[in-house]
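Undergrad: coords please:
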Amino acid sequence: MFVGLIWSRGGLCDRNATAAENESYERPMEQMENKKLPTRVEVALNYITGEIAKGNLNPGDKLPNEKELAEKLGISRTPIREAMKTLAVSGLIETRHGHGNYIRKDEGTAVMPLMMFQLYLQDSSPEMLMELRYIFDRNCAELASIRRTDRDLAIMRESIDRLKALSEDPNSPIEKLLEADLDFHRAVYAAAGNKLIVVIADFVLNMVAPWVRKSLEVSGRYRAVGLHEKMYAMIRDQKTGLLSRESVEANMEHFMSSLKIPAA
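TA: Below is the predicted model:
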């Protein structure tokens with residue numbers, strides 16, 4: 001199924017594509033910049049989640065107290081306290097009043113990696129979320145072009161038709177348009193034929209949804225229909241390589257301009 005295709009740093013590429021073409025694939029999002037220094041709360045969050053990821057903190061372990069963490073990280077106790085609240089809300093830790101903070105140890109332990117992933121998404125900038133979405137859409141669209149079934153195409157078609165009908169009615173609730181928009185992308189992910197992609201994509205879509213909603217509000221509703229039609233046609237006709245990337249990049253450029261995110 002993958003004869004003639006290879007994985008490049010940017011994704012699937014045609015083995016016969018020219019070097020210039022392959023280079024062009026990597027330009028739009030390759031240098032997404034987000035060089036701001038982390039806040040003190042982010043410093044605390046990154047340290048604690050890093051210790052969990054490395055196995056230095058395990059389910060049931062007690063975290064160092066606020067004073068110890070503040071001294072170790074060179075920050076005050078206030079951002080440490082805020083980081084603990086964020087971790088507690090995400091379900092990664094539990095606070096036992098009078099005893100301190102502990103890594104959760106219960107039936108939810110098995111989903112801790114997903115909790116950490118969701119926490120990182122919640123703490124991400126629009127640029128970071130945009131880049132993550134681009135990675136999903138760019139590669140999944142190509143996989144969908146190769147693997148899609150008639151049923152996959154029918155679900156995509158229904159989503160676009162629903163989005164078009166809603167866009168033509170000025171009284172349509174924005175939430176309904178958002179639902180149709182996201183349903184199309186979920187159908188593309190499903191057509192990629194990898195259940196791991198679908199599971200992770202749900203986390204990403206939940207976090208990106210507010211920005212998609214804003215894009216629909218800012219740039220007009222009907223514009224989204226044409227962009228989705230272009231991606232659908234590429235998948236229907238089983239296009240890969242440059243033709244595949246052009247349809248995804250058109251969607252991403254529209255999304256970035258709607259949110260005033262500078263292109264690389």
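Undergrad: quick one: buried residues of the longest helix anywhere in the chain?
TA: The residue-count maximum for a helix in the chain (DSSP state H) belongs to helix 195-219. Buried residues in helix 195-219, defined by neighbour count with 16 or more other C-beta atoms under 10 Å: 197, 200-201, 204-205, 207-208, 211-216, 219. Every C-beta, even on glycine, is put in place using the N, C-alpha and C of the backbone.
Undergrad: what would the residues you listed look like in a markdown table with pLDDT?
TA: Output for the buried residues of helix 195-219, formatted as a markdown table (pLDDT from 0 to 100):
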| residue | pLDDT |
| --- | --- |
| I197 | 83 |
| I200 | 79 |
| A201 | 75 |
| V204 | 76 |
| L205 | 75 |
| M207 | 73 |
| V208 | 77 |
| W211 | 78 |
| V212 | 83 |
| R213 | 84 |
| K214 | 82 |
| S215 | 79 |
| L216 | 83 |
| S219 | 66 |
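Undergrad: so where is the chain shaky, pLDDT-wise?
TA: Applying pLDDT under 70 to the chain flags residues 1-37, 106-124, 219-221, 243-244, 247, 250-252, 254-264.
Undergrad: tell me the angle of the host helix or strand of R138 relative to helix 195-219?
TA: Using DSSP states H and E, R138 falls within helix 126-147. Interaxial angle of helix 126-147 relative to helix 195-219 (axes from the mean of the first three to the mean of the last three C-alpha atoms, to 10 degrees): 120 degrees.
Undergrad: in helix 126-147, what counts as buried?
TA: In helix 126-147, counting by 16+ other C-beta under 10 Å, buried: 126-127, 129-134, 136-147.
Undergrad: how about the strands in this structure?
TA: Along the chain, the stretches classed as strands by DSSP state E are 5-8, 11-14, 93-96, 100-103.
Undergrad: the residue lying closest to L87 once chain neighbours are set aside: neighbour count?
TA: Nearest residue to L87, sequence neighbours excluded (C-beta to C-beta, 6 or more residues apart in numbering): I93, at 4.5 Å. By other C-beta atoms under 10 Å, 24 other residues sit near I93.
Undergrad: I93: what's it in contact with?
TA: 63, 84, 87, 101-104 (C-beta atoms under 8 Å, 6 or more residues apart in numbering).
Undergrad: with A201 instead?
TA: A201 neighbours (C-beta under 8 Å, 6+ apart): 136, 140, 185-186, 189.
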